[in-house]
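Asks: Show me the folded form of this:
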Amino acid sequence: MIRKIIHSKPLEDSLIAILFRQLWTEGRLIAIRGINFRSRDNEAAREAYRQMHLREFEGINARQKWANWRTVPRNLEGRLPESAMVAIDLCCGIGHSTEVLAHHLPEGSKILGIEFNPEFVKSAQKKIYRHRTGKPVEVSFRAQSVLEAFRDAGGALLKDSSIDLINSCGAVGSHFDPSMTRVLAHELARVMKPGGLALIDSGLPGTNKKQLVEIFEAEGFDTLGSAKSSIFDLFTQVCFSKRR
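Replies: Okay, the predicted model is just below:
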């Protein structure tokens with residue numbers, strides 16, 4: 001079912017046009033505004049994102065947005081229950097990956113998007129998120145670092161073993177060194193239900209796939225598989241399940 005949805009999902013632009021848009025936007029950010037978001041130093045990357053206008057973020061996130069519609073569904077294939085889930089979308093930006101989760105998760109699911117940039121959160125909150133049936137999905141957002149204890153939209157600490165699924169696209173593999181990923185994995189282990197799914201991106205600029213697997217397995221997760229948007233993608237999203 002999910003595989004059919006992937007292939008039927010129309011592209012807004014061709015991949016070549018998407019890549020050109022991203023390269024053009026990134027080049028202008030560096031040359032004209034002196035903003036370089038490709039840093040393994042998380043604070044430097046966060047500051048770069050804070051300086052971006054929303055349109056600039058749309059440009060530099062164009063390829064990631066395209067990839068989200070491929071990696072996330074491939075990791076979910078055959079692993080979702082029929083009943084509603086409670087999910088978290090980490091580093092959700094302006095809601096691109098949140099849209100993917102809303103589309104694919106079982107009807108009635110609830111999603112919490114966590115994003116450090118308040119301006120991105122404001123933009124994400126303006127959108128309507130829909131299930132593939134067309135029905136609206138209940139989505140809320142929280143502006144905070146994902147390296148802190150997770151809280152809901154109202155600021156209350158999330159309960160232990162309360163979350164069914166956690167997703168991360170384009171953050172851990174780009175900007176998190178292994179020490180930061182260990183902090184993140186420890187918090188995921190706290191809030192996730194036994195048997196819950198964690199879809200976490202990996203890549204050479206940040207935490208690579210081998211490091212990611214070692215960190216999450218040490219925190220009590222089993223590795224179920226992984227997915228790329230294409231054979232040329234330098235990043236891999238790994239699917240984990242919290243041990244029962």
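
Asks: use CA for all of it now, contacts and neighbours both
Replies: Noted.

Asks: Which other helices and strands does the lengthiest strand in the chain contact?
Replies: When the chain is parsed with DSSP state E, its longest strand is strand 192-202. Counting contacts by 3 or more C-alpha pairs under 8 Å, 6 or more residues apart in numbering; DSSP states H and E, strand 192-202 is packed against strand 163-168, helix 172-175, strand 236-242.

Asks: what's in contact with the longest helix that the chain contains?
Replies: Across the chain, the helix with the greatest residue count (assigned by DSSP state H) is helix 15-33. Residues outside helix 15-33 that contact it (C-alpha atoms under 8 Å, 6 or more residues apart in numbering) are 35-36, 56, 59-63, 66.

Asks: And stretch 167-179, by the same measure?
Replies: Residues lying outside stretch 167-179 but in contact with it, judged by C-alpha under 8 Å, 6+ apart, are 38-42, 45, 64, 68, 87-92, 97, 181, 198-208, 211-212, 215, 235, 237.

Asks: ok, Gly203 - how many residues close by?
Replies: Gly203 has 23 neighbours, counted by other C-alpha atoms under 10 Å.

Asks: so how far is Phe240 from it?
Replies: 16 Å (C-alpha to C-alpha, to the nearest Å).

Asks: Equivalent analysis for Arg130, please.
Replies: Remark: distance between Arg130 and Phe240 (C-alpha to C-alpha) = 25 Å.

Asks: the more surrounded of the two?
Replies: Under the neighbour definition other C-alpha under 10 Å, Arg130 and Phe240 were set side by side, and Phe240 has more, 25 against 20.

Asks: quick one: the more buried one and Ser162, what's the gap?
Replies: Separation of Phe240 from Ser162 (C-alpha to C-alpha): 17 Å.

Asks: My guess is Leu151 contacts Ala143. True?
Replies: Leu isn't right for residue 151; it's Arg. No - here Arg151 lies out of contact with Ala143, judged by C-alpha atoms under 8 Å, at a distance of 9.4 Å.
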